[in-house]
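> Attaching a predicted model along with its sequence, questions to come.
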Amino acid sequence: MTPIIEVAGLRKSFRLGRVVVEALRSVDLMVEAGEFLALVGPSGSGKSTLLHILGGLTPPTSGRVRIDGQDLAALNDAGRTRMRKRTIGFVFQKFNLLPTLSAADNIAVARHVAGNREFDRPAFDQILRLLGIVDRLIHKPYALSGGEQQRVAIARALANNPKILLADEPTGNLDTENSQTVLLMLKDLNRRLGQTTLMITHNPEAAALCAHRVVRMRDGRLEA
Amino acid sequence: MINRLILENLLHRPVRTLLSILAVAVEITMILTVVGLSQGILEDSARRTRGVGADILVRPSTSQAAMGLSSAELNEKLVDLFDSMPRVRMATGTTVHMLSSNMQTITGVDLDGFSRMSGGLRYLAGGPFEQPFDAVIDEVWARHNKLSVGQATQIWNRDFRVTGIVEPGKLSRVFIPRETMQELLGWRGKLSQIYLKLHNPDDTAEVIEELKRRLPGYNIFSMAEFTSLFSIGNYPGISAFIRVIIGLAVTIGFLVVMLSMYTAILERTREIGILKSLGASPLYIVGLVLRESVLLTLLGIGAGIASSYGVKGIIEEYWPILIVSLHRDWWFWGGLIAVGGAMLGALYPAVRAARQDPIAALAYE
């Protein structure tokens, strides 16, 4: 079977004034559909940059990146945007919920942006029950705990039934108990829904807890 | 959904929202009031002219504008000539001159003749002239100058006694005996304009034709034609003034909306990054910003229309001779101007928001 994520010779560099910073140096990575992959590494290793490229938030400098059969290098910004809203769900460290909307509306916005495509309401309600946020949906983010906000963010990421879930340090702003809860939920959702999940973490124990495979990064490269 | 997001964003910053609405309201009030004042003054003049009850107006060849006549070049004997014409029921002449201080005109009338033609002045207090230096004023003039029957009023450095206050709507705000005005201004035997009333108003066009043949070079109008001249388009100065005020008002709205939306998108940088991470296209972001500015503008238009009635009330209370005529068609034009200006003002912030790098936006604190 063709991997859902194919990365070959990926490079990403940034120009900061006269200095060119190589964030990724020839990264090769294959991720099978349904796999839960954890990316572990210290700060500055390039984990987030890799995630941003896979999510279509920024283009690669060189190399090949195929997401669900689509070559990202061949896409312009509009193309990456379309790919992102149909194929990718993001979960961020800082939750990134819209502060003026309720939890329910935060989830609804994701569906609205994607064009309100066909929606399996009963299946999504089941996800909400699994996440334990059904009775918190009318509240705005300021009235939710950190763990609740992150679970709402997960629900939002899954609202359009994406094939790939990208989680950037999803437990970075949570206490130990909530971290554990969120990680187990991600693992459970991966098992139930069969979505490919890519999670960045600097915590090897967290990676081991829920991932099928752990890959280490350092200085813009994957370690063997 | 998007409307809910916009509404919540506006409610989230109530002071900024209110100030933006207020700025648009000021813009709309300025436009409606200036246009209303111009139209009101002209409409009032036309209404008072129609109140004479005449069918034809004869003026000298040198008279140009419908308003602002201030000379007497017609021979009084023309009244007798017109009276002798078979289709003319009666003719009466008036003299007109500016009251120097405030652009108002004083009309010298033969009160008997004028009353027969117009159906008479309706007295709210007092009665007609009794002496050469008596004056009859309308209720608007009385209120504006705080005059009552029996009081003296200065006209051309002379004291005139107010003998009557009449209902407004017939020709002039201030009437004095025609002979008095002719003596004071050296216009003995002269008139400023002559009004003709016909036995049959349907003969108006034919009588005008005949008059033009007999009096070539004179300005001769049907009353319908003459009162149609009281329009903003016939006064280039007023039109230009209105355009300037509209331009200023639009500039205010444009600048305030631009500033408001610019600060809003700066404050919501991370929110824009979130939307982009969800897959919002640049067009989606632009649409969001423009919709918000249009909603602000529509609220401002409503407030502006309401406040224009308040301003009308204040102007007419403290300056009764100023008439503000608020026409609903200008609600549409004023609103269109405001929305256009607001959308232009919101365009730069909208495009700027759409171009933001999502990663940088998400990292914004």
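Yes, it's here.
> Phi, psi for the residue with the largest distance to the centre of chain A please.
In terms of distance from the mean C-alpha position of chain A, residue A:18 ranks first, at 32.0 Å (Cα atoms, centre = their mean). Dihedral pair for residue A:18: phi -90, psi -10, per degrees, to the nearest 10.
> Look up the closest residue to residue B:255, ignoring the ones flanking it.
Distances taken as Cβ to Cβ, 6 or more residues apart in numbering or on different chains place residue B:345 nearest to residue B:255, at 6.8 Å, with adjacent residues excluded. For every residue, glycine as well, the C-beta is placed using N, CA and C.
> I figured that neighbour hits residue B:250, correct?
No. The criterion here is Cβ atoms under 8 Å, and residue B:345 misses it with residue B:250 at 9.4 Å.
> Look at those two and report which has more neighbours.
residue B:345 (24 against 21; other Cβ atoms under 10 Å in any protein chain shown).
> ranges for the strands of chain A?
Remark: strands assigned in chain A by DSSP state E are A:5-16, A:19-31, A:36-40, A:62-67, A:70-71, A:88-91, A:164-168, A:196-201, A:213-218, A:221-222.
> Of all those, which one comes closest to residue A:156?
strand A:88-91 (7.8 Å; Cβ to Cβ).
> roughly how far out does that closest one sit from the chain middle?
From the chain centre to the centre of strand A:88-91 is a distance of 4 Å (Cα atoms, centre = their mean, to the nearest Å).
> how about that strand, does it reach chain B?
Yes. Judged by Cβ under 8 Å from any Cβ of the partner chain, strand A:88-91 and chain B are in contact via A:88, A:90.
> Output that strand as CSV - backbone C-alpha positions only.
Extracted in CSV, the C-alpha atoms of strand A:88-91 (Å, rounded to 0.1, in the frame of the first residue of the first chain):
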residue,chain,number,x,y,z
ILE,A,88,-5.5,17.8,7.5
GLY,A,89,-6.6,18.4,11.0
PHE,A,90,-4.4,20.5,13.3
VAL,A,91,-4.0,20.3,17.1
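> Just list the residues touching residue 54, thanks.
No chain in the question, so chain A it is. A:5, A:7, A:65, A:67, A:88, A:164, A:166, A:198 (Cβ atoms under 8 Å, 6 or more residues apart in numbering or on different chains).
> that's the other chain; I wanted chain B
With Cβ under 8 Å, 6+ apart, residue B:54 has these contacts: B:117, B:195-197, B:223.
> three-state assignment of the closest residue to chain A within chain B?
As assessed by Cβ to the nearest Cβ, chain A sits closest to residue B:279 within chain B, at 2.3 Å. Three-state assignment for residue B:279 (DSSP: H, G, I helix; E, B strand; the rest coil): coil.
> right, and it touches residue A:80 too?
No. Applying Cβ under 8 Å as the test, residue B:279 and residue A:80 come out as separate, 9.4 Å apart.
> and those two? which has more neighbours close in?
Each of residue B:279 and residue A:80 has its neighbours counted (other Cβ under 10 Å); residue B:279 has more, 25 against 21.
> What is the burial count for the nearest residue to the more buried one once chain neighbours are set aside?
Once flanking residues are discounted, residue B:279 sits nearest to residue A:85: 2.3 Å by Cβ to Cβ, 6+ apart. Applying other Cβ under 10 Å, we find 25 other residues in the vicinity of residue A:85.
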